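Colleague: all I have is the shape, not the residue letters:
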């Protein structure tokens, strides 16, 4: 299975943009890049996903490198409620088997 | 629209017993996946069911099993419980199988004593 690499933790100030990186150098052509986050004491929450083009939704933006070997989740204005563990996951169309790595723990300072 | 519902929320069982956890997916969703979360191993995939058929299976012993009913509701069963089975068990539902976004429930916290 293609794996992802993320920093263990990142810090941000409230109301500033946050860029969460993810490396996936062994990604295959059929792998989608998914991002989930898990807030304390809650189940994971879907954030965004994409294949090749950059994607935007109400929660975040996803920037995908041209060679698809890396991607960046962008939170445009971090709030205290965005403090969570963020997971970057590769998923193909063979099923919905999410393989969670360690993720990035995002801390947001007021 | 109601979210994913897992019951019970908390459970305490004794070693050697068996347990059944229930998951009701979002209406219209046909794929249900199960995950185990522990502090040491993180989130690990157990299995996925789609249209009452197991589609994928994670690397767990045969004591862990599941099924899905015609209304897409799913149950997972753990037999001969061990202390190491203490974990948060999460269920996720998706509209279809194959790379779509998953919506997670709040989980069932199982404690084995």
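Modeller: The structure has been received and is ready for your questions. All of these numbers come straight from a predicted model, not from anything done at the bench.

Colleague: interface residues of chain A facing chain B?
Modeller: A:32, A:34, A:36, A:38, A:42-46, A:49, A:87, A:91-102 (C-beta under 8 Å from any C-beta of the partner chain). Just so you know, the C-beta spots here come from the backbone N, C-alpha and C atoms, and that holds for glycine as well.

Colleague: for ChimeraX, write a command that selects the buried ones of these.
Modeller: Command for ChimeraX that selects the buried part of these, burial taken from 16 or more other C-beta atoms under 10 Å in any protein chain shown:
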select /A:32,34,36,38,43,44,45,46,49,87,91,92,95,96,97,98,99,100
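
Colleague: so which of the residues of chain A next to chain B belong to strands?
Modeller: Among the residues of chain A next to chain B, the ones falling in strands (DSSP state E) are A:32, A:34, A:36, A:38, A:45, A:46, A:49, A:87, A:91.

Colleague: which single residue in chain B comes nearest to chain A?
Modeller: Closest to chain A within chain B is residue B:104: 3.3 Å, counting by C-beta to the nearest C-beta.

Colleague: how about the residues of chain B near chain A?
Modeller: Counting by C-beta under 8 Å from any C-beta, the residues of chain B near chain A are B:4, B:31, B:33, B:35, B:42-45, B:48, B:50, B:55-56, B:58, B:90, B:92, B:94, B:97-107.

Colleague: among those, name the buried ones.
Modeller: Buried among the residues of chain B next to chain A (16+ other C-beta under 10 Å): B:4, B:31, B:33, B:35, B:43-45, B:48, B:50, B:55-56, B:58, B:90, B:92, B:94, B:97-107.

Colleague: ranges for the strands of chain B?
Modeller: B:5-7, B:10-13, B:19-24, B:31-38, B:42-50, B:53-57, B:64-68, B:74-78, B:87-94, B:103-104, B:108-112.

Colleague: got the angle for the last one vs strand B:31-38?
Modeller: Right, the one you point to is strand B:108-112. Between strand B:108-112 and strand B:31-38, the angle comes out at 50 degrees (axes from the mean of the first three to the mean of the last three C-alpha atoms, to 10 degrees).

Colleague: now strand B:108-112: buried residues?
Modeller: Result for strand B:108-112 [16+ other C-beta under 10 Å]: buried residues B:108, B:109, B:110, B:112.

Colleague: hang on, the first one packs against residue B:4?
Modeller: No. The pair residue B:108 / residue B:4 is not scored as a contact, 11.6 Å apart, by C-beta atoms under 8 Å.

Colleague: tabulate the ones in strands among the residues of chain A next to chain B (TSV), appending distance to residue B:80.
Modeller: TSV is the format used below for those (distance: C-beta to C-beta, whole Å):
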residue	distance to residue B:80
A:32	37
A:34	34
A:36	32
A:38	30
A:45	33
A:46	34
A:49	38
A:87	31
A:91	32
